[in-house]
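Okay, structure incoming, though there's no sequence with it:
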């Protein structure tokens, strides 16, 4: 980070397992300040703060928000707690970096967007992959016309089944495969659709597995771009191994990302045009580090945020459309 710029002063809601990779290590790497963490269990908060060199520990989320030395809230709480606590943080005048999905459904996403507008603060939904050079290179190759006119786009995030007590398998906590993993596949489709058409994809059909009739463990979504491009976004908890491929097929060739979500693990961009294949190797730096850099640029320099509240609303609307197509209920809203 430029030494002339002020570091972000970050407060973390919850001692979440994703926090080290998503905010703590990136903050250490980029010179930002970890001011506070809050958890419902104060002992847990104290242990977490000590382990990760966070200055203060609180026994509630509200105390983190109320801390005058905190100007940024990072929200990695269970999905159903994203929207309500995002709204509380914004109302307190804090910038917010929210884990995805930043709301449980589109109606709640509208409330978050209204809170952002009223607050005038920076809001970012944590689709970290977007900010990595790997995905930006994919967009540049598509835009250049090297692979010709886009014909088909396939994206997926597949993971092994979580433990039966995992929060991601709880409907009341806004769990489900599309909420946790498939959302990345859908979001990447939206970014590509916007690039080549200026518009949003729509749901054509879905293939779902929801043993209890509510909680999806697999949800594959067939999409159509405004210009007719066919696309498939897959998300499920039923894979034998982690997979996150993205392939864009054009009239002249294709571009493939072996891991578009956690690109730092495999930062290759594979281009195949007329049988001539090349592999571009991009930085293996964490996607979360690039995300935090973009967030800091928005707070400090006023640069625009791609994954802002407006984008989060469009994302929630697409997720809701997928659930309705699959005859599955929308995720419930938490009232604090």
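Cool, the structure landed. These figures come from a predicted structure and were not determined experimentally. Numbering: from 1, shown residues only.

Report all helices and strands that the lengthiest helix in the chain contacts.
As assigned by DSSP state H, the longest helix anywhere in the chain is helix 309-325. Here helix 309-325 touches helix 106-119, strand 123-125, helix 183-197, strand 202-209, strand 218-224, going by 3 or more Cβ pairs under 8 Å, 6 or more residues apart in numbering; DSSP states H and E. Just so you know, the C-beta spots here come from the backbone N, C-alpha and C atoms, and that holds for glycine as well.

pLDDT value on residue 195, please?
Note on residue 195: pLDDT of 98.

Would you enumerate the residues in contact with it?
Contacts for residue 195 (Cβ atoms under 8 Å, 6 or more residues apart in numbering) come out as 139, 142-143.

same deal with residue 127?
Applying Cβ under 8 Å, 6+ apart to residue 127 gives the contacts 100, 183-184, 187, 307.

from those, which is closest to residue 216?
Comparing the contacts of residue 127 against residue 216 with Cβ to Cβ places residue 183 closest, at 11.6 Å.

ok, that closest one - contacts?
Residue 183 is in contact with 100-101, 127, 235, 315, 319, counting by Cβ under 8 Å, 6+ apart.

cool, residue 92 as well?
Counting by Cβ under 8 Å, 6+ apart, residue 92 touches 65-66.

for the chain, what spans make up the helices?
Assigned by DSSP H, the helices in the chain fall at 19, 25-30, 42-51, 61-66, 82-91, 106-119, 133-144, 177, 183-197, 287-301, 309-325.

of the contacts of residue 127, buried ones?
The neighbour count (16 or more other Cβ atoms under 10 Å) marks 100, 183-184, 187, 307 as buried among those.

Present the contacts of residue 127 as JSON lines; the columns should include pLDDT and distance to residue 162.
Shown next, in JSON lines, are the contacts of residue 127 (pLDDT from 0 to 100; distance: Cβ to Cβ, whole Å):
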{"residue": "100", "pLDDT": "98", "distance to residue 162": "17"}
{"residue": "183", "pLDDT": "98", "distance to residue 162": "15"}
{"residue": "184", "pLDDT": "98", "distance to residue 162": "16"}
{"residue": "187", "pLDDT": "98", "distance to residue 162": "21"}
{"residue": "307", "pLDDT": "98", "distance to residue 162": "25"}
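
Looking at those, spot the one nearest residue 335.
Nearest to residue 335 out of the contacts of residue 127 is residue 100 (Cβ to Cβ; 21.1 Å).

Please name the residues that touch residue 97.
Neighbouring residues of residue 97 by Cβ under 8 Å, 6+ apart: 23, 72-75, 124, 126, 291-292, 295.

With residue 21 instead?
Residue 21 makes contact with 286, 288, according to Cβ under 8 Å, 6+ apart.

so where's the stretch 1-150 of the chain uncertain?
Scanning the stretch 1-150 of the chain for pLDDT under 70 picks out the ranges 1-4.

returning to what we had before: which of the contacts of residue 127 lies at the shortest distance from residue 8?
Nearest to residue 8, judged by Cβ to Cβ, of the contacts of residue 127 is residue 307 at 17.1 Å.

can you tell me how far that closest one sits from residue 313?
Using Cβ to Cβ, to the nearest Å, residue 307 is found at 11 Å from residue 313.

okay but residue 103 is in contact with residue 81, surely?
No. Residue 103 is beyond contact range of residue 81, at 10.6 Å (criterion: Cβ atoms under 8 Å).

Which of those two has more residues huddled nearby?
residue 103 (31 against 20; other Cβ atoms under 10 Å).

quick one, phi psi at that one?
The phi/psi pair for residue 103 (degrees, to the nearest 10) reads phi -150, psi 160.

From residue 84, how far off is it?
9 Å.

do the same with residue 217
26 Å.

The contacts of residue 195, buried ones only, as a PyMOL selection?
Here is the PyMOL selection string for the buried members of these, based on 16+ other Cβ under 10 Å:
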select buried, resi 139+142
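
Tell me who's in contact with residue 89.
Counting by Cβ under 8 Å, 6+ apart, residue 89 makes contact with 13, 65, 73, 75, 96.
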